[in-house]
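Peer 1: dropping the sequence and predicted coords here.
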Amino acid sequence: MPLVMVDTNFSLRATIPRPGGLARKAWVLFAFGAAQLRAEQLELDFAELNGEAARSGGRLSRSESLFTASAAELARLEELLPIGTPTDWALAGSQACWDEYQRKALELASRLHRSITPRQAGLLRQQYEALCVVAPKPSYALQVPALTPDPDDDLLVFDAMRVGADIFVSDDPHVIPADADGAIDYEFGELSVRAMTPGYFFDQIGNEVDWDSIDGSWIRPST
């Protein structure tokens with residue numbers, strides 16, 4: 001399961017513009033991956049609880065019906081995906097990237113002449129958080145190493161490393177210099193992450209996905 005963290009430009013393209021872009025379609029895969037991971041955890045939790053109930057002579061009929069309905073809904077959603085589509089993409093996030101996303105969502109909306117209120121920006125942020133299957137503890141109190149020419153980017157790259165992300169997607173030239181051919185490896189102690197541009201990500205990681213057959217409107221941002 002590739003664990004991916006993305007920068008704000010990617011997350012904004014996935015949630016603010018129309019749903020036809022690659023970023024929004026990738027958001028669909030991240031959403032499905034999160035749903036599948038949580039369904040797997042629910043199955044484990046249900047099996048444990050069911051075992052305890054059986055030993056005590058009880059039965060979890062309501063929990064069983066909820067679990068069955070969840071599994072059926074996940075199977076229905078999987079049928080919408082083209083055959084061979086990876087269903088294990090997982091999205092990571094952090095307090096820093098969510099804060100930056102919420103702030104820039106309002107700034108971008110004004111430039112696009114879209115009416116996004118602070119409340120709606122908060123709902124968009126909540127949806128972003130819900131898609132993330134893991135996040136590190138806030139790093140504001142930590143000493144962030146100088147990894148890039150920009151301290152703000154240092155924080156995001158460091159968070160991606162701390163959370164154990166395999167990939168950090170960014171089109172910021174401070175993160176991925178023009179001479180890096182689309183990807184660069186960051187290391188700090190025992191931590192590491194491979195940063196790559198969106199183009200490199202879709203060409204190398206998503207090269208087997210039938211993007212034309214994925215509908216970005218399958219996931220609708222909260223407004």
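Peer 2: Okay, I see it.

Peer 1: need the pLDDT of the nearest residue to Ser94 once chain neighbours are set aside.
Peer 2: Spatially, and ignoring its direct neighbours in sequence, Ser94 is nearest to Asp159 (3.8 Å; Cβ to Cβ, 6 or more residues apart in numbering). Glycine gets a C-beta too; all of them are placed from N, C-alpha and C. pLDDT for Asp159: 94.

Peer 1: beyond the helix or strand containing Asp159, next helix or strand please.
Peer 2: Using DSSP states H and E, Asp159 sits within helix 151-162. Where DSSP H and E defines the elements, the next helix or strand beyond helix 151-162 is strand 167-169.

Peer 1: output the contacting helices and strands for that next one.
Peer 2: When contacts are defined as 3 or more Cβ pairs under 8 Å, 6 or more residues apart in numbering; DSSP states H and E, strand 167-169 sits against strand 3-6, helix 151-162, strand 191-196.

Peer 1: closest to Arg103 out of those?
Peer 2: Of all the helices and strands packed on strand 167-169, it is helix 151-162 that lies closest to Arg103, at 11.5 Å by Cβ to Cβ.

Peer 1: compute the inter-axis angle for the closest one and strand 191-196.
Peer 2: Interaxial angle, helix 151-162 versus strand 191-196 (axes from the mean of the first three to the mean of the last three Cα atoms, to 10 degrees): 120 degrees.

Peer 1: contacting residues around helix 151-162?
Peer 2: Contact partners of helix 151-162, identified using Cβ atoms under 8 Å, 6 or more residues apart in numbering, comprise 5, 7, 92, 94, 96-97, 100, 136, 139, 142, 144-148, 168, 170, 172, 174-175, 186, 188, 191-193, 195.

Peer 1: how about a cut-off of 7 Å?
Peer 2: 5, 7, 92, 94, 96-97, 136, 139, 144-148, 168, 172, 174-175, 186, 188, 191-193, 195 (Cβ atoms under 7 Å, 6 or more residues apart in numbering).

Peer 1: mind listing what's buried in that helix?
Peer 2: For helix 151-162, a neighbour-count test (16 or more other Cβ atoms under 10 Å) marks 153-162 as buried.

Peer 1: stretch 212-222 too?
Peer 2: 214, 216, 218-219, 221.

Peer 1: hmm, back to that, would you list the helices and strands packed on strand 167-169 in TSV and tack on distance to Leu12?
Peer 2: Formatted as TSV, these follow (distance: least, Cβ to Cβ, whole Å):
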stretch	distance to Leu12
strand 3-6	10
helix 151-162	14
strand 191-196	18
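
Peer 1: which one of these has the poorest average confidence?
Peer 2: helix 151-162 (a mean of 94).

Peer 1: what about the most centrally placed residue in the chain, distance to Gly216?
Peer 2: Central residue of the chain (Cα atoms, centre = their mean): Leu91, 2.7 Å from the mean position. According to Cβ to Cβ, to the nearest Å, Leu91 and Gly216 sit 15 Å apart.

Peer 1: lowest-confidence helix or strand of this structure?
Peer 2: Ranking every helix and strand in the chain by mean pLDDT, DSSP states H and E puts helix 61-80 at the bottom, with a mean of 72.

Peer 1: tell me the first helix or strand C-terminal of that helix.
Peer 2: Taking DSSP H and E, what comes next after helix 61-80 is strand 90-92.
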